[in-house]
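[1] let me see the structure of the following:
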Amino acid sequence: MAVSLEEKSAAEETQRRFPSLVILSDNKRSFADTFDLLGTGNAPDGRDAFIPTTFLVDEMACVQWSYRPSAMVDRLHPDDIIKTVSSRLAELRD
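    Sure, this is the predicted structure:
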């Protein structure tokens, strides 16, 4: 899932282009403000942009783990996400 600051129509177009990814429009910034996820002026054009944050959410919609980088350019490597998910699932089984 990805959350976008785009208007709903633009988010729907992105959804059409990437059908396996769920795109949510947060053009009113309620999600971004709740979790303090906006980097002011961090987009290439100087607008605000989401800080690339990763959440691990369980089936009850509770955040079990999150990663927020200290720099906008930092991203988790997919292998790190897989290790984290695997570790959390193992903890649940114990």
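[2] quick one: residue 31 is in a helix?
    Yes: under DSSP: H, G, I helix; E, B strand; the rest coil, residue 31 sits within a helix.
[3] for it, which non-adjacent residue is spatially closest?
    Among residues not flanking residue 31 along the chain, residue 3 sits closest, at 5.5 Å (C-beta to C-beta, 6 or more residues apart in numbering). Placement of C-beta: from N, CA and C, glycine included.
[4] quick one, domains of the chain?
    What automatic domain parsing lists as the domains of the chain is 1-51, 52-94.
[5] before we move on, back to that, and the helix or strand containing the residue nearest to residue 31, what's buried?
    Per DSSP states H and E, residue 3 falls inside strand 2-4. Within strand 2-4, the residues that qualify as buried are 3, 4, counting by 16 or more other C-beta atoms under 10 Å.
[6] and after it, which helix or strand comes next?
    Next in line after strand 2-4, if elements are assigned by DSSP H and E, sits helix 8-17.
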